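In: Got a predicted structure plus its sequence, pasted below:
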Amino acid sequence: MNPDAARILYERPDAYLVVAAFLFACGIYGLLRRRTLIGMLIAGELIFAAASLNFMALNRFFSPDPVAGQVFVLFIMGLAAAEIAIALSIVIAIYRNYRSIRSREISELGG
Amino acid sequence: MTAFPFGPAIAAAIFIAFCAITGAGAVIAALSKRIIRGVCGLALCCIGLAGLFYFLNSPFLALMEILIYVGAVCVTIVFGIMLAEPEEVLEGESRRDALVWGSCAMLVGAAFFLALSRIGLSHPWIEPASRADGSVAAIGVALLTTYSMAFEVISLVLLVAILGALVIARTGRGRA
């Protein structure tokens, strides 16, 4: 069946793919279940981490050019950092207006 | 391969330890009641992820993961928590509601986990015949030749993000 079943654990892509799927599931659960904006932000970071790990696993084992995946994951990290900076400043602006960052209470928009 | 006795076994043990660190960090980040513990879980998860990147032949990305996520992202989130005091109080939700919605979210997460692992494990991946060089030097060359446009655009995005963050966080200040 699987030709790489005899390989040692850390040289098989399966282990990495399962860990990435687990990270993604944790991120989805946190995104659904957290009640504050910062908690949802943390869950989003978990999903970013899952995507990076998936990219790196497929890049290491199945890509003819291992540079492409590494550069792409580097770009993911840069975009995640930019996203965190913007999202946290929005969170702080919301906290100034509402005195709360619970997602239940932030229910009106206004210009 | 290596002359060191039990080398692969030790490496496999370290690999399993990094997998466990990553999984435990993710669980803490998703489940903990207090948000500051969630950030600590995220940091733990990123440290484990850096170890996994090292096993994936990419020490450069392992270092960048620790530098950017643990060093910058987690510290920034901690500052956000200190400024905005997000206590997770469970008001307005009865114990039964919490149980029902918690298990619903758990079900969705489990479905994603099973579906993704099934796709990953059952798909017939094809290994390439030949592989190019994936060293740090090759990454540097690729960043300055093949991906130079994307590299410049990312730096522009980061600049605009920093400026935007400053502007957004500043505007509400008069009211406080």
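Out: Noted; the coordinates are in hand.
In: Would you indicate which residues of the helix or strand containing B:Ile168 are buried?
Out: In this structure, B:Ile168 is located in helix B:148-171 according to DSSP states H and E. Neighbour-count burial for helix B:148-171, counted by 16 or more other C-beta atoms under 10 Å in any protein chain shown, picks out B:151, B:154, B:157, B:161, B:165, B:168-169. Where you see a C-beta, it was placed from the backbone N, CA and C, and this is true even at glycine.
In: Ok, stretch A:81-97 next?
Out: A:81-96.
In: Closest to the centroid, which residue in the chain?
Out: Looking at chain A here, since you left the chain open. A:Phe48 (1.8 Å; C-alpha atoms, centre = their mean).
In: wait, chain B
Out: Taking C-alpha atoms, centre = their mean, chain B has its central residue at B:Cys46, 5.2 Å away.
In: Now do the contacts for that residue.
Out: By C-beta atoms under 8 Å, 6 or more residues apart in numbering or on different chains, the residues touching B:Cys46 are A:49, B:25, B:65-66, B:69-70, B:74.
In: switch the cut-off to 6 Å
Out: B:65, B:69-70 (C-beta atoms under 6 Å, 6 or more residues apart in numbering or on different chains).
In: Closest residue of chain B to chain A?
Out: Taking C-beta to the nearest C-beta as the measure, chain B has B:Gly134 as its residue closest to chain A, at 2.9 Å.
In: Relative to B:Pro128, how far out is the closest residue to that residue other than its chain neighbours?
Out: Excluding its sequence neighbours, the residue lying closest to B:Gly134 (C-beta to C-beta, 6 or more residues apart in numbering or on different chains) is A:Pro66, at 2.9 Å. Here the criterion is C-beta to C-beta, to the nearest Å. By it, A:Pro66 lies 10 Å from B:Pro128.
In: ditto for B:Ile66
Out: Taking C-beta to C-beta, one finds B:Ile66 at 29 Å from B:Pro128.
In: For the helix or strand hosting A:Ala51, name the packing helices and strands.
Out: For A:Ala51, the host element (DSSP H and E) is helix A:37-62. Other elements packing on helix A:37-62 under the criterion 3 or more C-beta pairs under 6 Å, 6 or more residues apart in numbering or on different chains; DSSP states H and E are helix A:13-33, helix A:66-98, helix B:7-31, helix B:35-55.
In: in the third one, what's buried?
Out: Right, helix B:7-31. B:11-12, B:15, B:18-19, B:21-23, B:25-31.
In: pLDDT below threshold where in the chain?
Out: Assuming you mean chain A. A:1-6, A:109-111 (pLDDT under 70).
In: switch to chain B, that's the one I care about
Out: For chain B (pLDDT under 70), the answer is B:1-3, B:86-93, B:172-176.
In: Would the longest helix along it count as contacting chain A?
Out: In chain B, ranked by residue count with DSSP state H as the criterion, the top helix is helix B:95-122. Yes. Helix B:95-122 reaches chain A (C-beta under 6 Å from any C-beta of the partner chain) through B:105, B:109, B:112-113, B:116-117, B:120-121.
In: could you list every residue that touches A:Arg99?
Out: Applying C-beta under 6 Å, 6+ apart, no residues qualify as near A:Arg99.
In: And for the one 4 residues further on?
Out: Each residue near A:Ser103 by C-beta under 6 Å, 6+ apart is listed here: A:Arg35.
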